[in-house]
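1. predicted coordinates and the sequence they were generated for:
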Number of protein chains: 2
Amino acid sequence: MTPFTANPSQAVSAYGERRLITEIRRWLGPASPPAPFGIGDDCAVLPPTRRHQLVTTDPVIYGQHFDQHVAPRAVGAKLLKRNLSDIAAMGGRPSAAVVSLALAPETNLAWLRSFYRGLAACALKYQVKIVGGDITQGPTGFFGAFLTLHGEATGQRVVTRAGAQRGDRIYVTGKLGGSLLGHHYNFSPRLAEGAWLAKRPEVCAMMDVSDGLAQDLNALTPADLAPALCATAIPISPAARQRASRTKKSGLFHALSDGEDYELLIVVRARANAAQFARAWHRRFPQTKLSLVGHFVRPAEFPPAALRLEDYRGYEHLR
Amino acid sequence: MTPFTANPSQAVSAYGERRLITEIRRWLGPASPPAPFGIGDDCAVLPPTRRHQLVTTDPVIYGQHFDQHVAPRAVGAKLLKRNLSDIAAMGGRPSAAVVSLALAPETNLAWLRSFYRGLAACALKYQVKIVGGDITQGPTGFFGAFLTLHGEATGQRVVTRAGAQRGDRIYVTGKLGGSLLGHHYNFSPRLAEGAWLAKRPEVCAMMDVSDGLAQDLNALTPADLAPALCATAIPISPAARQRASRTKKSGLFHALSDGEDYELLIVVRARANAAQFARAWHRRFPQTKLSLVGHFVRPAEFPPAALRLEDYRGYEHLR
């Protein structure tokens, strides 16, 4: 199902902007608080906070982040979950979001309703309020929803991407690759895991994997170091192997370069007790795999058998 | 100048996403603080606040909010100013923004640089930090920039759209209409005015005029009341008269329905001293016109000579 309809009576243009906003508030239901704390005024009002606040923004665009094979409810949920994954990667807790829509006049009302129902269900699940937004007409065939998510630290600190040192160990949650087969919308952002990791003093840097491990790891790597990863330690998902059976690449290639994994990539101090860290993780998250995949070295120390990540480049937009 | 180029070497696709992000940080210069308080991590980090926070989101889209006749610097400034006008309308002070871009691969790098230079200059002027964003590929011919702006109350309260009562007076700042002739990008958001008005106890509701006074006033009007406006009191801009000389409409029509005025629409308590309020305004803002345009009445009391606003409907998206 595409977001569009050839029948003008079923299109958003049959409503116009104001009636559409009324409908959207109805579709969002309890996920949309009353004004001024929600939709309906010039700005949304958020209460003061004692802790550091987090802000992130990611869209879903038809043809880029989803196609006609993804159900509209799943698209709405994906819009929020992409952003939740960023909050998780700083060890934060989400609170409120605004959504700016750009849509073609022929956008299907039924599709849009399901999209918002999916967004609302996901917002309720993760205790996010949808507090505002905007609707603008876009060109024919265009659907884009741009969400900005707010959150705050769950404890004393937020975990940034900076902080790795020589010898520090690199971990990743879950299994990687093959997200195109369904994981790219059918995933759970690692919020509980991120908040737990932010409380562990041995965790010194963190990010989420959105463009593929081979690509994203660059952002955690200090300029004078290199990541030395062991190929056999990479957690390859069944979907990555399934993809590999159709492409001429390996499961490992797909695990490192597919992207949209929405797993956490974690740096742990070299001096920390790795066995103790692993035990604590498995007590708290017995269902979720945590893999020690490598460590940071000086370029001169690079182990000959370690992975050459430049051979596994992730997806880059605009290329 | 359109945002696009036929020469691939001058297009954003010649850079790819990562180099483009590096360039954007350079273009933004001091308007972009270092991570984690700015671009470069999973989320931007904002300091805690004691006061209520404000959040608003508005885009600029090629073909909707600007065309090839508007200079790219002015487009960048407009993106921020549209949102600043919403902060002004609550009596707030702006602080930080994130920008999500969706752009065609053939987007012209030189155009985009000027766009960001204009955004940065405007951000510095209004003390807004650009703290994060996202870049996603859009379809051919598409350029959209979606900004979410944060701010906070300047005093004890924020002024919402709710609160008008029977007899309360309706004021508007500046002059209205004809924004298409240049005002739609060449305006100054009424931040100082909004903050001053929020401190006046007689001001009980406020919003900015973006879809035209005739349309926007609905949002300030309680369900059991009607706005009674006097036609001769409406401040008609020279541009509205200029437009009227080319259309078959009146200057008044354009003043009430053109939209994109970015003026403040203010409700003042009936019992307040109107002369004192006007004097205080003119002492503080001697250059800025403030017009008393009408008051709220019960429908049964509607003065026969008052304006029938339904004859002056503003622009509606998606219609």
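-> Everything's here; your move. Numbers count the residues shown, from 1 in each chain, chains lettered A, B, ... in the order given.
2. and the most centrally placed residue in chain A, what element?
-> Most central in chain A under CA atoms, centre = their mean is residue A:82, positioned 3.0 Å from the mean C-alpha point. Using DSSP states H and E, residue A:82 sits in helix A:72-88.
3. so which elements touch that helix?
-> Applying 3 or more CB pairs under 8 Å, 6 or more residues apart in numbering or on different chains; DSSP states H and E, we find helix A:72-88 packed against strand A:53-61, strand A:92-103, helix A:109-125, strand A:143-153, helix A:191-198, strand A:203-209. (Glycine included, C-beta is placed from N, CA and C.)
4. just checking, the residue nearest to the centre of chain A touches residue A:208?
-> No. The pair residue A:82 / residue A:208 is not scored as a contact, 9.2 Å apart, by CB atoms under 8 Å.
5. just give me the neighbour total for the nearest residue to residue A:129 once chain neighbours are set aside.
-> Leaving out its chain neighbours, the residue that sits closest to residue A:129 by CB to CB, 6 or more residues apart in numbering or on different chains is residue A:96, at 4.7 Å. Residue A:96 sits with 24 neighbouring residues when counted by other CB atoms under 10 Å in any protein chain shown.
6. right, and residue A:96 touches residue B:55 too?
-> Yes. Counting by CB under 8 Å, residue B:55 is a contact partner of residue A:96 at 7.4 Å.
7. so where is chain A shaky, pLDDT-wise?
-> Under the criterion pLDDT under 70, the flagged ranges of chain A are A:314-317, A:319.
8. how does it divide into domains?
-> A:8-153, A:169-311 (automatic domain parsing).
9. and the end-to-end length of the last one?
-> Criterion CA to CA, to the nearest Å; first-to-last residue distance in domain A:169-311 is 22 Å.
10. that domain vs chain B: in contact?
-> Yes. Domain A:169-311 comes into contact with chain B (CB under 8 Å from any CB of the partner chain), by way of A:206-208.
11. returning to what we had before: most packed of the domains of chain A?
-> Stretch with highest mean neighbour count among these: domain A:8-153 (a mean of 22; mean count of other CB atoms under 10 Å in any protein chain shown).
12. now do the SS call for the closest residue to chain B within the stretch 151-300 of chain A.
-> Closest residue of the stretch 151-300 of chain A to chain B, CB to the nearest CB: residue A:160 (4.4 Å). Here residue A:160 is recorded as coil under DSSP: H, G, I helix; E, B strand; the rest coil.
13. with adjacent residues omitted, what lies nearest to it?
-> In this structure, residue A:160 finds its nearest non-sequential neighbour in residue B:36, 4.4 Å apart by CB to CB, 6+ apart.
14. residue A:219 too?
-> Excluding the flanking residues, the one nearest residue A:219 by CB to CB, 6+ apart is residue A:161, at 5.2 Å.
15. ok so, going back, who touches the residue nearest to residue A:129 in this structure?
-> A:44, A:46, A:128-131, A:149-150, B:55 (CB atoms under 8 Å, 6 or more residues apart in numbering or on different chains).
16. can you check residue A:37 too?
-> Contacts for residue A:37 were tallied using CB under 8 Å, 6+ apart; they are A:44-46, A:129, A:131.
17. need the phi and psi values for the nearest residue to residue A:8 once chain neighbours are set aside.
-> Nearest-residue entry for residue A:8: residue A:14, 6.3 Å, with adjacent residues in sequence omitted and distances by CB to CB, 6+ apart. According to degrees, to the nearest 10, the main-chain angles of residue A:14 amount to phi -70, psi -20.
18. one step back: common neighbours of residue A:96 and residue B:55, please.
-> Residues within reach of residue A:96 and of residue B:55 at once, by CB under 8 Å, 6+ apart, are A:44, A:46, A:131, A:150.
19. quick one: residue A:77 and residue A:185 touch, right?
-> Yes. Using CB under 8 Å, residue A:77 is in contact with residue A:185, at 7.0 Å.
20. looking at the residues of domain A:169-311 next to chain B, which one is closest to residue A:8?
-> Checking the residues of domain A:169-311 next to chain B against residue A:8 by CB to CB gives residue A:208 as the nearest, at 41.1 Å.
21. could you check how far that closest one is from residue A:214?
-> Residue A:208 is 15 Å from residue A:214, where distance means CB to CB, to the nearest Å.
22. ok, residue A:273 next?
-> Distance, residue A:273 to residue A:214, by CB to CB: 29 Å.
23. now do residue A:85
-> Distance from residue A:85 to residue A:214, by CB to CB: 18 Å.
24. go on, residue A:40?
-> In terms of CB to CB, residue A:40 sits 45 Å off from residue A:214.
25. repeat that for residue A:11.
-> Taken as CB to CB, the span from residue A:11 to residue A:214 is 42 Å.
26. then residue A:227?
-> Counting by CB to CB, the gap from residue A:227 to residue A:214 is 9 Å.
27. for these two, list the residues in contact with both.
-> Both residue A:227 and residue A:214 are in contact with residue A:309, where contact means CB under 8 Å, 6+ apart.
28. can you give me the strands in the stretch 201-319 of chain A?
-> Counting by DSSP state E, counting those that start in this stretch, the stretch 201-319 of chain A has strands at residues A:203-209, A:226-229, A:263-268, A:290-297.
29. switch those over to TSV; also include distance to residue B:166.
-> Shown next, in TSV, are the strands of the stretch 201-319 of chain A (distance: least, CB to CB, whole Å):
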stretch	distance to residue B:166
strand A:203-209	54
strand A:226-229	69
strand A:263-268	57
strand A:290-297	64
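30. for residue B:261, which of those strands is the nearest?
-> Residue B:261 sits nearest to strand A:203-209 of all those, at 42.3 Å, using CB to CB.
31. what's opposite the nearest residue to residue A:82 once chain neighbours are set aside in the beta bridge?
-> Closest residue in space to residue A:82, ignoring its immediate chain neighbours: residue A:58 at 4.4 Å, by CB to CB, 6+ apart. Note on residue A:58: beta-bridge partners residue A:147, judged by DSSP bridges.
32. was I right about residue A:58 contacting residue A:145?
-> No. With contact defined as CB under 8 Å, residue A:58 and residue A:145 do not form a contacting pair (9.9 Å).
33. count the residues that sit near residue A:318.
-> By other CB under 10 Å, 21 other residues sit near residue A:318.
34. need the contact list for residue A:310.
-> By CB under 8 Å, 6+ apart, residue A:310 lies in contact with residue A:214.
35. right, I mislabeled it, should have said residue A:185
-> Counting by CB under 8 Å, 6+ apart, residue A:185 touches A:66, A:70, A:74-75, A:77-78, A:81.
36. can you rerun that using 10 Å?
-> Contacts for residue A:185 (CB atoms under 10 Å, 6 or more residues apart in numbering or on different chains) come out as A:60, A:65-66, A:69-71, A:73-79, A:81-82, A:118, A:179, A:260.
37. so which helix or strand takes in it?
-> Under the criterion of DSSP H and E, residue A:185 resides outside all helices and strands.
38. list the contacts for residue A:161?
-> Shown in contact with residue A:161 (CB under 10 Å, 6+ apart): A:89-90, A:205-207, A:216, A:219-221, A:265, A:267, B:35-36, B:40-42.
39. wait, residue A:170
-> Contacts for residue A:170 (CB under 10 Å, 6+ apart) come out as A:164, A:205, A:213, A:217, A:220-221, A:227-230, A:233, A:265-268, A:291-296.
40. out of the strands of the stretch 201-319 of chain A, flag the one nearest residue A:173.
-> strand A:263-268 (4.6 Å).
41. so how far is that closest one off the chain centroid?
-> For strand A:263-268, the distance from its own C-alpha centre to the chain's C-alpha centre is 14 Å (CA atoms, centre = their mean, to the nearest Å).
42. equivalent analysis for stretch A:298-309, please.
-> Taking mean C-alpha positions (CA atoms, centre = their mean), stretch A:298-309 and its chain are 29 Å apart.
43. just to check, residue A:305 is in contact with residue A:233?
-> No. Look at residue A:305 against residue A:233 with CB atoms under 10 Å: they stay out of range, at 11.7 Å.
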